[in-house]
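A.B. asks: sequence and predicted structure are below.
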Amino acid sequence: MNPSNPTPNISTPLTLSNGVVLKNRLYKAAMDEQLAPNNTPGQVLVRLYDTWAKGGAAVLVTGHVMIDRRFSANFDTTAVDDERDLPILQAWVQAGTQNGTKLLMQLNHPGKQIPKNVNKQPVAPSAVPLSKELSALFNPPRALSEDEILDIIRRFGQSAKIAEKAGFSGVQIHAAHGYLLSQFLSPHHNRRTDNWGGSLENRMRILVEIYHEIRRQTSDGFIVALKLNSADFQKGGFGEDESVQVLAKMAALGVDLLEISGGNYESPAMMEGVKDSTKKREAYFLDYADKARAVIGDVPLVITGGFRSMAAMNEALSGGSTDMIGMAKPYAVMPDVADKLTSGSLTHIATPPVRTGIKAIDKRLGGLLEIYWYTKQLHLLGQGKPANPNYSAYKTLWGIVKDGVRRERG
Ligand SMILES: Cc1cc2nc3c(=O)[nH]c(=O)nc-3n(C[C@H](O)[C@H](O)[C@H](O)COP(=O)(O)O)c2cc1C
């Protein structure tokens, strides 16, 4: 907790250790916009950020941006691995930094979490496939060579350098949700016996090296943030005790902002939470936040997942559990949710689950339906239209089928 603000609320500004001032405590967490055909962001994406920046959040984090377009998480996900799109990145910055907003580019390599119609041969720390349930959608990965690991580290730095050149306020390293860095951290997914696997020190080496490389390739004052899982919530995976140790290390190295989430494609806790005790506090990972606090000193903490009411947000802030309120889905259905909360005109935002009501479909495809439905909302906003909270789950399902057929046909 910032000592100058003993009882902060959602409207209280926050000063980072590098002197950057965030105008309030509301933080739009990353959502893959899928508005970059051939990995190139376009005007629809720029317009989406224009809308969001005008909506009052202190920080906007972009959807994950690929550091290597050969390994893209999806067909229309932005990639920044050279300067070919600098002018549109600059337009993105201009839109996303209006109104005193800070814009962070989330940098990611998906590792094995690439659908097989997007990439037939994904890579990972080790050749461990995703669970049986996901094997219809994802091909087994091959293990990375050491040279490839070093190349990935360099690429994170290079993407950050381009982000800074375009004018982004900073970057966020994505080490959560089961993507490549999360796979390295997990003893289940990382079975390497070299310097990049085994002990926690080895499993976190790639993350530490990426952090140093980004600092090396960017200037002082450029924000470097991290998104980390509190746990993967799977047997033999990355757990809370190890997560706390990674946070302590990254805080000691000087990371500017830490965001906590949890889960992965095999165990999607980030989308639905896990524990009854945390559900009572609304946000899924608040219990963990209390443990994280003890080891990260003054580094500001953002908890993301589940926040929906002003009362729970202000309680988490004033109690010192978190310094910022991370939310994603609310910004898709109400782009000015931050303004509405700080002005007091809104005290609760509902984001009901997207379900068809057909058990077999909802059980198998519920997560995918939800992602498609929210992505649809982002596309509406980017087209200058209002969000459509009544958009039906059936239409969403039909969209998934049509998209699948179109992609298969090329
Ligand atoms: C459509 C969609 C896309 C997402 N894409 C990303 C992403 O690119 N990177 C990321 O870290 N999290 C991503 N997330 C997860 C959110 O950042 C967040 O952790 C999650 O939605 C829980 O927060 P909420 O309950 O406030 O929505 C995505 C979520 C949604 C709904």
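C.D. replies: Now that the structure is in, tell me what you want to look at.
A.B. asks: use CA for all of it now, contacts and neighbours both
C.D. replies: OK.
A.B. asks: got any ranges where the chain has weak pLDDT?
C.D. replies: By pLDDT under 70, the weakly predicted segments of the chain are 1-6, 274-280, 405-410.
A.B. asks: contacts for the longest helix belonging to it next, please.
C.D. replies: Secondary structure of the chain per DSSP state H: the longest helix is helix 359-382. Helix 359-382 has contacts (C-alpha atoms under 8 Å, 6 or more residues apart in numbering) with 32-35, 44-49, 51, 268, 271, 329, 332-333, 353-356, 386-388, 391, 393, 396-397, 400.
A.B. asks: let's see that with 6 Å instead.
C.D. replies: Outside helix 359-382, the residues within contact range by C-alpha atoms under 6 Å, 6 or more residues apart in numbering are 44, 45, 47, 48, 332, 354, 355, 387, 396.
A.B. asks: tell me how far the second one lies from residue 176.
C.D. replies: Residue 45 sits at a distance of 24 Å from residue 176 (criterion: C-alpha to C-alpha, to the nearest Å).
A.B. asks: give me the more crowded residue out of the two.
C.D. replies: For residue 45 and residue 176, the more surrounded residue by other C-alpha atoms under 10 Å is residue 176, and the numbers stand at 26 against 23.
A.B. asks: how much space separates that one from the ligand?
C.D. replies: Distance of residue 176 to the ligand, given as C-alpha to the nearest ligand atom, to the nearest Å: 7 Å.
A.B. asks: contact partners for that residue?
C.D. replies: The neighbourhood of residue 176, defined by C-alpha under 6 Å, 6+ apart, consists of 182, 227, 228, 229.
A.B. asks: buried residues in the next helix or strand after the longest helix of the chain?
C.D. replies: Remark: after helix 359-382, the chain's next helix or strand is helix 393-409, criterion DSSP states H and E. For helix 393-409, burial by neighbour count (16 or more other C-alpha atoms under 10 Å) applies to 393, 396, 397, 399, 400.
A.B. asks: kindly report the same for stretch 80-99.
C.D. replies: By 16+ other C-alpha under 10 Å, the buried positions in stretch 80-99 come out as 80-81, 85-86, 88-98.
A.B. asks: got a list of contacts for that stretch?
C.D. replies: By C-alpha under 6 Å, 6+ apart, stretch 80-99 touches 46, 49, 50, 53, 67, 68, 103, 159, 166, 168.
A.B. asks: repeat that with 7 Å
C.D. replies: Residues outside stretch 80-99 that contact it (C-alpha atoms under 7 Å, 6 or more residues apart in numbering): 40-42, 46, 49-50, 53-54, 65-69, 103, 155, 158-159, 162, 166-168.
A.B. asks: how far away is residue 366 from the ligand?
C.D. replies: For residue 366, the distance to the ligand - C-alpha to the nearest ligand atom - is 12 Å.
A.B. asks: what does residue 149 give?
C.D. replies: Residue 149 is 21 Å from the ligand, by C-alpha to the nearest ligand atom.
A.B. asks: quick check: closest non-adjacent residue to that residue.
C.D. replies: residue 206 (7.6 Å; C-alpha to C-alpha, 6 or more residues apart in numbering).
A.B. asks: so the one you found is in which element?
C.D. replies: In the assignment (DSSP H and E), residue 206 maps to helix 205-217.
A.B. asks: please save the CA atoms from that helix in CSV.
C.D. replies: Extracted in CSV, the C-alpha atoms of helix 205-217 (Å, rounded to 0.1, in the frame of the first residue of the first chain):
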residue,chain,number,x,y,z
ARG,A,205,15.6,-18.3,-16.1
ILE,A,206,13.9,-17.5,-19.4
LEU,A,207,11.6,-15.0,-17.7
VAL,A,208,14.5,-13.3,-15.9
GLU,A,209,16.6,-13.1,-19.0
ILE,A,210,13.7,-11.7,-21.0
TYR,A,211,13.3,-9.0,-18.3
HIS,A,212,17.0,-8.1,-18.5
GLU,A,213,16.9,-8.1,-22.3
ILE,A,214,13.8,-5.7,-22.4
ARG,A,215,15.6,-3.3,-20.0
ARG,A,216,18.7,-3.5,-22.2
GLN,A,217,16.8,-2.6,-25.3
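A.B. asks: 357 is where my numbering starts, stick with that
C.D. replies: With 357 as the first residue, the last one maps to helix 561-573.
A.B. asks: I'd like the next helix or strand past it.
C.D. replies: Past helix 561-573, further along toward the C-terminus, the next helix or strand under DSSP H and E is strand 579-585.
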